[in-house]
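Asker: Here is my input; please provide its structure:
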Amino acid sequence: MEEPLQVRTHTRKLFVLLLLPLLVLSLGARKPSRKHTRKSAGKSHAAARANRKATPPAMPVAAVTSGSPQLAHALNQEVGRALQVTSALGVHIVDLATGETVYAYNADEPRMIASNSKLFTTAAALDTLGAGYMFETRFVLRGGVHDGVLDGDLGVIGGGDPHISGRDFDGDSYGAFRPWAAALRARGVRTVRGDLWLAHGLFEPLRIHPDWPHDQLTRWYEAPIDALSFNDDCIMVRVSPSRNGGLAKVELIPDLPGVVRIDNTARTTNGRGSRLIVARTNDTIVVRGSLWQGSGPSDTWVTVPDPVDYFGRALKAALAEEGIEVAGRLHQVPQLPGAVWERVAVHRSDLVSVIDVTNKRSQNYYAETLAKKIGATRCQEGSWREGVRAIREFAVNLGIPAKSFTMADGSGMSRDNRFPPRALTTLLRHMYYHPAGREFAQSLPYGGEDNGHWKYRFGMPPYRGNVLAKTGTLEAVSALSGYAKAVSGKSYAFSLLFNRVGGDAHGAQDRIVMALIDNG
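Answerer: Okay, the predicted model is just below:
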C-alpha cells in the first residue's frame, strides 16, 4: 500500500521498449527531457554517488557473492550501509540470463513484503486467466416492453471486475453504464416498472479481510471487496470553505442519495491552515475541524459501507441521467431468480489494464479482487482462502518451498505475508520468460516514469528507464523488488526486503540498485 486513490482518469501507456525477445525490460538510458531534470533530482543522485565514496562499512556478515569483485565490493558497501537503517534485511540478486545468484544476504529468511505481494497476485492472475482475459459484467432484463415501459425487471451479473469507474472514461464515473442505457433505449425502454436485481454470488460474503487494521477500514486502501463493485468502492468527500464563514460545504462525488449520510460540524475560519478530519462511522461520513476561508477544496476518498448497494444506486442514477427511470427497488442476490433473462449489454474490462492499476498504483482493492477471482477460477470459490491457496500453489510450482513463506491476502495489507528475497527473484525470473512476461513487466513502475515519486526515483541516467520495480510499504516495512539493466548490458532480478526499519529505507534501497547498475 503506497499510492492514494488517484484521479479517476487512467489511460494505459506502454512506455517500455523491447530489450530481449521474450520480455520488455527497460526504456534504455535515454537522456531525460528538460522537465525531468530538476536540480533536486540531480543533487539527490549526485549525493548518492558521493555517499557511496565515503568510508565504507565492513562487509556484511553472511553476504554471499559470485559476481565480479568490483560488483561484490560495491554491493557490500551499500548493504553494509543499509544495516544502519534496518535490523532485518534480506537481499537477493540473480543474473536473468543464467539464473546464477550474484549476491545474497539473508536471502532465505522470510520477511514481511507488504505490496510486493502484488507481484505474486498479478503473476498468478496472468498465469491463470491469460493476458487476453476480459472481465464481463452482464446487463439483462425480463418482461415485455409496451409504449416505452418495461413491465419487468433489470438484472446485473457480477464477474468480479474491479475496473468499473471513470478511469477509462475521462473521469465520468457513469461511463460504463451509459452504453447500457443506450441499449435499453434501442429497445424502446423509457421506464422500468420492476426492480433492479444485483447478482454478486461469484465472491464470498466476507468483504473485509480479518487481518486488516480495523482503525483504517474507511481508508481507500482498505476498500471492501465484492463481485459487483463501482468506483473502487470509494466515494469522494469534498470539503470546501463557505464564502461567508460558518459551516464548511460538504459534497459527495458522485452524489448518490442513500449511500451514506453526512454529519458535518467543520467550520470555515479566517486563520490560515486547515485541521480537517474526514472519516466514516457505519453509514455516516463524519466531518470535523476547520478549513481556512482562502483555501481550495479538500478531497478525501472514503470507502462505502455496502459496495453492491453503491453499484445499484450508481446504475439507477446513470440510467436516470440518460432518461430511463427505474421505479422499483434494489435486490442483492447470489444469483438472479428465475430462468428467463435476456441479455441487453455486456461491459468488458481487460486483465492487462487491471494488472497495470494493481502494480503501478499499488491499488489494494484491485489486488484483492484478483485474488478472489483466481480462487473462483482455479478452485470454484471466490474467497480469500481459496484465492490465496491458488496463489500459493502457483508459487510452489515455481520451486519456492511451501514452508519458506506465508500468505494471507492478495495485496500485502496483512502482516502475515512473509517471503524470503529468493522467492521474489524466483518469481521475477520465471515471469521474465513467461508468455505474459511482457505484460507483467510493463505493469511495473519504472525509473523516471511520470507516476508519483517514480518521476524522480532513478530519474537520471544511467538509471532512468533501467529499473522496473514494485515497492512495498507498511509500518516499519519497506520492500523493493524488480528488474534492473546494468550499464554493461546485463539484466538482473533483485529483491530488497527491509523489516524493522528505523531510517531512510528508500535511500538505502536506491543506493543498492544504483551500485548494481553501475557495476553489474
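
Asker: contacts and neighbour counts: CA atoms only from here.
Answerer: OK.

Asker: got the CA positions of stretch 106-124 in PDB?
Answerer: In PDB, the C-alpha atoms belonging to stretch 106-124 read as follows (Å, rounded to 0.1, in the frame of the first residue of the first chain):
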ATOM      1  CA  ASN A 106      19.800 -13.500   4.400                       C
ATOM      2  CA  ALA A 107      18.300 -14.500   1.100                       C
ATOM      3  CA  ASP A 108      16.300 -17.400   2.600                       C
ATOM      4  CA  GLU A 109      14.900 -15.600   5.700                       C
ATOM      5  CA  PRO A 110      11.200 -14.700   5.400                       C
ATOM      6  CA  ARG A 111      10.400 -11.000   5.700                       C
ATOM      7  CA  MET A 112       7.200  -9.000   5.500                       C
ATOM      8  CA  ILE A 113       6.900  -7.900   1.900                       C
ATOM      9  CA  ALA A 114       3.900  -5.600   2.000                       C
ATOM     10  CA  SER A 115       2.800  -4.600  -1.500                       C
ATOM     11  CA  ASN A 116       5.500  -6.800  -3.100                       C
ATOM     12  CA  SER A 117       2.700  -9.400  -2.500                       C
ATOM     13  CA  LYS A 118       1.100  -7.900  -5.600                       C
ATOM     14  CA  LEU A 119       3.900  -9.400  -7.700                       C
ATOM     15  CA  PHE A 120       2.700 -12.900  -6.800                       C
ATOM     16  CA  THR A 121      -1.000 -12.000  -7.200                       C
ATOM     17  CA  THR A 122      -0.700 -10.300 -10.600                       C
ATOM     18  CA  ALA A 123       1.700 -13.000 -11.900                       C
ATOM     19  CA  ALA A 124      -0.700 -15.800 -10.800                       C
END
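
Asker: which residues touch Cys234?
Answerer: By Cα atoms under 8 Å, 6 or more residues apart in numbering, Cys234 lies in contact with Trp220, Ala223, Trp301, Val302, Thr303, Val304.

Asker: now those residues in JSON lines, with neighbour count?
Answerer: Below are those laid out as JSON lines (neighbours: other Cα atoms under 10 Å):
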{"residue": "Trp220", "neighbour count": "24"}
{"residue": "Ala223", "neighbour count": "25"}
{"residue": "Trp301", "neighbour count": "23"}
{"residue": "Val302", "neighbour count": "23"}
{"residue": "Thr303", "neighbour count": "24"}
{"residue": "Val304", "neighbour count": "27"}
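
Asker: which residues in the stretch 201-350 of the chain form helices?
Answerer: Under the criterion DSSP state H, counting those that start in this stretch, the stretch 201-350 of the chain carries helices at the ranges 307-321.

Asker: now do the chain
Answerer: Taking DSSP state H as the test, the helices found in the chain are 39-52, 69-82, 117-129, 178-186, 307-321, 351-360, 364-379, 384-397, 421-432, 437-442, 505-519.

Asker: Can you say which of these is packed in most?
Answerer: Scoring those by mean neighbour count under mean count of other Cα atoms under 10 Å gives helix 364-379 as the most buried, with a mean of 26.

Asker: Format the helices of the chain as TSV; extra columns: distance to Gly160.
Answerer: What follows is the helices of the chain, written out as TSV (distance: least, Cα to Cα, whole Å):
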stretch	distance to Gly160
helix 39-52	41
helix 69-82	41
helix 117-129	13
helix 178-186	18
helix 307-321	12
helix 351-360	11
helix 364-379	6
helix 384-397	13
helix 421-432	24
helix 437-442	20
helix 505-519	34
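
Asker: can you list the ones you listed in a markdown table and add distance to Ser165 and mean pLDDT?
Answerer: Formatted as a markdown table, the helices of the chain follow (distance: least, Cα to Cα, whole Å; pLDDT from 0 to 100):
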| stretch | distance to Ser165 | mean pLDDT |
| --- | --- | --- |
| helix 39-52 | 34 | 44 |
| helix 69-82 | 41 | 95 |
| helix 117-129 | 20 | 98 |
| helix 178-186 | 12 | 98 |
| helix 307-321 | 10 | 98 |
| helix 351-360 | 12 | 98 |
| helix 364-379 | 12 | 98 |
| helix 384-397 | 23 | 98 |
| helix 421-432 | 29 | 98 |
| helix 437-442 | 22 | 98 |
| helix 505-519 | 32 | 98 |
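
Asker: Gly159 is nearest to which of those?
Answerer: Nearest to Gly159 among these is helix 364-379 (8.4 Å), distances taken as Cα to Cα.

Asker: list the helices and strands the closest one packs on?
Answerer: Helices and strands touching helix 364-379, by 3 or more Cα pairs under 8 Å, 6 or more residues apart in numbering; DSSP states H and E, are helix 117-129, helix 351-360, helix 384-397.

Asker: spatially speaking, which residue is in the middle of this protein?
Answerer: Residue closest to the mean C-alpha point of the chain, counted by Cα atoms, centre = their mean, is Gln363 at 1.9 Å.

Asker: For it, give its distance to Arg385.
Answerer: According to Cα to Cα, to the nearest Å, Gln363 and Arg385 sit 20 Å apart.

Asker: again, but for Leu256
Answerer: For Leu256, the distance to Arg385 equals 33 Å [Cα to Cα].

Asker: and what of Ala484?
Answerer: 34 Å.

Asker: Could you do Gly67 as well?
Answerer: From Gly67 over to Arg385 (counting by Cα to Cα), the distance is 41 Å.

Asker: How about Arg464?
Answerer: Distance from Arg464 to Arg385, by Cα to Cα: 40 Å.

Asker: ok, back up a step: and the helices of the chain: which comes nearest Leu206?
Answerer: Comparing the helices of the chain by Cα to Cα, helix 384-397 comes nearest, at 8.7 Å.

Asker: relative orientation of that closest one and helix 364-379 in degrees?
Answerer: 80 degrees (axes from the mean of the first three to the mean of the last three Cα atoms, to 10 degrees).

Asker: and helix 384-397, what does it pack onto?
Answerer: Using 3+ Cα pairs under 8 Å, 6+ apart, helix 384-397 sits against helix 117-129, helix 364-379.

Asker: mind exporting that helix as PDB, just the C-alpha atoms?
Answerer: Only the C-alpha atoms of helix 384-397 are listed here, as PDB (Å, rounded to 0.1, in the frame of the first residue of the first chain):
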ATOM      1  CA  TRP A 384      -9.600 -15.300   0.200                       C
ATOM      2  CA  ARG A 385      -8.900 -18.800   1.500                       C
ATOM      3  CA  GLU A 386      -9.100 -20.400  -2.000                       C
ATOM      4  CA  GLY A 387      -7.600 -17.400  -3.800                       C
ATOM      5  CA  VAL A 388      -4.500 -17.400  -1.600                       C
ATOM      6  CA  ARG A 389      -4.300 -21.200  -1.800                       C
ATOM      7  CA  ALA A 390      -4.200 -21.000  -5.600                       C
ATOM      8  CA  ILE A 391      -1.500 -18.300  -5.500                       C
ATOM      9  CA  ARG A 392       0.500 -20.400  -3.000                       C
ATOM     10  CA  GLU A 393       0.200 -23.400  -5.400                       C
ATOM     11  CA  PHE A 394       1.400 -21.200  -8.200                       C
ATOM     12  CA  ALA A 395       4.500 -20.100  -6.200                       C
ATOM     13  CA  VAL A 396       5.300 -23.700  -5.100                       C
ATOM     14  CA  ASN A 397       5.100 -24.800  -8.700                       C
END
